[in-house]
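In: Provided below are the primary sequence and the corresponding predicted coordinates.
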Amino acid sequence: MTSHSPIVLFTYNRPWHTQQVLNSLAQNQEAKDSILYVYCDGAKINAADEDLLKIEEVRDLVIVENRFKEVIIKIQPKNKGLANSIIEGVTEVVNNHGKVIVLEDDLIVSPYFLAYMNDSLDRYKNNLKVGQIGACNFFGCGKKFPDYFFVPLPDCWGWATWKDRWQDFNPNVDELVKQLEKDVAKKHIFNVYGSYNFMNMLNSQKQGKVDSWAIRWQAVCVLKGWLTLYPNPSMTNHIESMEATHANMNITPPMIFSAPNFFTIEVEEIDKVIKAFKLGYSGKGDYYGKEKKELVIKKIKRIIKLFIPPIIFVIWKKIIK
């Protein structure tokens with residue numbers, strides 16, 4: 001029988017977003033049997049009155065939440081920031097329960113999100129080649145891809161892991177950069193096989209320009225040689241990307257709304273998935289693993305410019321003869 005893993009939700013000052021993720025999560029049949037931890041970050045120094053009000057609204061929302069087996073609320077008196085909040089919160093919960101499902105407040109989830117997460121956590125808990133269970137598949141959706149597959153990079157938009165994997169999380173970015181620079185093959189994987197320069201982001205973390213737990217966790221997963229499981233189609237979506245009028249990133253994939261079948265697959269990479277994976281991260285592909293239409297059109301135009309004029313010239317020469 002599948003067990004119910006604890007869920008951790010990280011919130012701050014977005015009451016509407018928080019309500020959306022809670023509503024979508026509560027539509028999961030397993031919600032009523034699940035413990036939900038909610039970490040509410042504190043206000044920043046000199047926060048505006050408007051922000052203070054929103055922070056209070058978020059707290060008021062979660063205090064009355066009653067659609068789960070238990071809701072445990074962790075209110076921070078001071079602002080920790082997202083990275084520190086997630087690192088400390090995940091560590092606390094996973095150490096107590098041995099596994100954890102993690103959400104941020106800018107996501108919505110499928111009605112089968114918890115079923116998938118719980119099943120996968122049980123199914124692969126003893127396979128140490130698996131570092132994480134991912135949820136947002138934005139590069140390998142559709143019939144030409146399997147229902148589930150593994151890739152070497154983790155996902156931060158709804159994810160899960162185990163205590164014995166998370167204990168290897170290394171917050172020391174200097175060490176991570178040094179290790180990747182020494183291992184050319186793993187650095188290449190970290191950069192999505194050359195399709196996206198994630199080392200730039202890791203170096204920005206080192207320089208204090210960004211503060212990301214996810215880029216450090218990604219480095220750990222790659223250095224450990226772990227793979228992440230993904231579903232087809234996606235089990236989560238990003239609220240901001242769905243709402244954004246000018247969004248040009250491929251981050252709003254189709255989400256599953258019919259009951260999936262769960263089964264064990266080989267923990268290995270699949271060539272056609274990796275091809276779509278690289279295409280998506282390069283910005284050239286859509287979430288069906290196809291080259292974006294506008295890029296195909298540009299290619300056709302280039303071909304026309306290259307070949308049509310010479311053909312016309314040859315025909316014209318024949319005519320004047």
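Out: Received, thanks.
In: helix or strand for residue 229, which one?
Out: Counting by DSSP states H and E, the element that carries residue 229 is strand 227-231.
In: So for the helix or strand just after that strand, what gets flagged as buried?
Out: Remark: after strand 227-231, the chain's next helix or strand is strand 236-238, criterion DSSP H and E. Within strand 236-238, the residues scored as buried using 16 or more other Cβ atoms under 10 Å are 236, 237, 238. All C-beta spots, glycine's among them, are computed from the backbone N, C-alpha and C.
In: Am I right that residue 77 is in contact with residue 40?
Out: No: counting by Cβ atoms under 8 Å, residue 40 is not a contact partner of residue 77; they are 10.3 Å apart.
In: out of these two, which sits in the busier spot?
Out: Set residue 77 next to residue 40 and count neighbours by other Cβ atoms under 10 Å: residue 40 wins out with 23 against 7.
In: Now do the contacts for the more buried one.
Out: 11, 12, 55, 58, 59, 62, 73, 74, 75, 76 (Cβ atoms under 8 Å, 6 or more residues apart in numbering).
In: the helices in the stretch 51-200 of the chain, which residues?
Out: 82-97, 113-123, 163-166, 173-182, 184-190, 198-206 (DSSP state H, counting those that start in this stretch).
In: can I get those in TSV with mean neighbour count, mean pLDDT and distance to residue 104?
Out: Formatted as TSV, the helices of the stretch 51-200 of the chain follow (neighbours: other Cβ atoms under 10 Å; pLDDT from 0 to 100; distance: least, Cβ to Cβ, whole Å):
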stretch	mean neighbour count	mean pLDDT	distance to residue 104
helix 82-97	18	98	8
helix 113-123	22	98	14
helix 163-166	17	98	17
helix 173-182	15	98	21
helix 184-190	16	98	23
helix 198-206	17	97	18
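In: Please identify which of those helices is closest to residue 150.
Out: helix 113-123 (11.2 Å; Cβ to Cβ).
In: Which one of the helices of the stretch 51-200 of the chain lies nearest to residue 227?
Out: helix 184-190 (10.6 Å).
In: I would like the residues contacting that closest one, please.
Out: Under Cβ under 8 Å, 6+ apart, the answer for helix 184-190 is 152-153, 179-181, 194, 198-199, 202, 218-219, 222-223, 225.
In: Can you tell me which of those residues comes closest to residue 45?
Out: Checking these against residue 45 with Cβ to Cβ, the nearest one is residue 202 at 28.0 Å.
In: pretty sure that closest one contacts residue 219?
Out: Yes: assessed by Cβ under 8 Å, residue 202 is found in contact with residue 219 at 6.1 Å.
In: Which neighbours do the two have in common?
Out: Residues touching both residue 202 and residue 219 (Cβ under 8 Å, 6+ apart) are 176, 177, 180, 190.
In: Would you convert these into CSV that also reports distance to residue 291?
Out: Formatted as CSV, those follow (distance: Cβ to Cβ, whole Å):
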residue, distance to residue 291
176, 33
177, 33
180, 29
190, 24
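In: Just the closest of the residues you listed to residue 112, please.
Out: The nearest one, if we look at the shared contacts of residue 202 and residue 219 relative to residue 112 and count by Cβ to Cβ, is residue 190, at 30.8 Å.
In: how far away is the closest one from residue 199?
Out: Here the criterion is Cβ to Cβ, to the nearest Å. By it, residue 190 lies 7 Å from residue 199.
In: One more: residue 137?
Out: 24 Å.
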